[in-house]
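Participant: mind folding the following:
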Amino acid sequence: MNIYLEIFGYIGTALIISSMMMKSINKLRILNISGSIISVIYSVLSNTWPVVLLNGCLIAVNVYQLIKANVQKKNKEQAA
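Facilitator: Sure thing, here's the model as predicted:
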């Protein structure tokens, strides 16, 4: 397999692992989304479809949770 593709995959993995060390949940989600996007690209190129599904779901969950948190924050600001 192409060494550059392997390095690309490891970068995605490193981002996902690093995201778990974030204290801020928003930073965690953004870093996790970034790592998951890289992992999806890597997985498509290497034909590992279960990993594509996993990371695709992680992206969807993290985006949903970020949007939900932002809506709740705006509602609290409007109520104040």
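Participant: for the spatially most central residue of the chain, which residues are in contact?
Facilitator: Centroid check for the chain by C-alpha atoms, centre = their mean gives I33 as the closest residue, at 1.8 Å. Counting by C-beta atoms under 8 Å, 6 or more residues apart in numbering, I33 makes contact with L58, I59, N62, V63. Yep, even glycine has a C-beta here, placed from its N, CA and C like the rest.
Participant: please identify the helix or strand for the nearest residue to the last one once chain neighbours are set aside.
Facilitator: In space, not counting the residues next to it along the chain, V63 is nearest to I33; the distance is 6.6 Å by C-beta to C-beta, 6 or more residues apart in numbering. Element membership of I33, judged by DSSP states H and E, is helix 25-45.
Participant: need the next SSE after that helix, C-terminal direction.
Facilitator: helix 49-79.
Participant: could you give the average pLDDT over that following helix?
Facilitator: The average pLDDT for helix 49-79 rounds to 96.
Participant: also stretch 30-41?
Facilitator: 97.
Participant: got the CA positions of it in CSV?
Facilitator: In CSV, the C-alpha atoms belonging to stretch 30-41 read as follows (Å, rounded to 0.1, in the frame of the first residue of the first chain):
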residue,chain,number,x,y,z
ILE,A,30,-14.3,19.5,16.2
LEU,A,31,-11.1,17.5,16.5
ASN,A,32,-13.0,14.3,16.4
ILE,A,33,-14.9,15.4,13.3
SER,A,34,-11.6,16.3,11.6
GLY,A,35,-10.0,13.0,12.4
SER,A,36,-13.1,11.1,11.3
ILE,A,37,-13.2,12.9,8.0
ILE,A,38,-9.6,11.9,7.3
SER,A,39,-10.3,8.4,8.4
VAL,A,40,-13.3,8.2,6.1
ILE,A,41,-11.2,9.3,3.1
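Participant: and V61, how close does it get to K74?
Facilitator: 21 Å (C-beta to C-beta, to the nearest Å).
Participant: cool, and S39?
Facilitator: As for S39, its distance to K74 is 31 Å (criterion: C-beta to C-beta).
Participant: for M21, same thing?
Facilitator: 28 Å.
Participant: likewise V63?
Facilitator: Where K74 is concerned, V63 sits at a distance of 17 Å (C-beta to C-beta).
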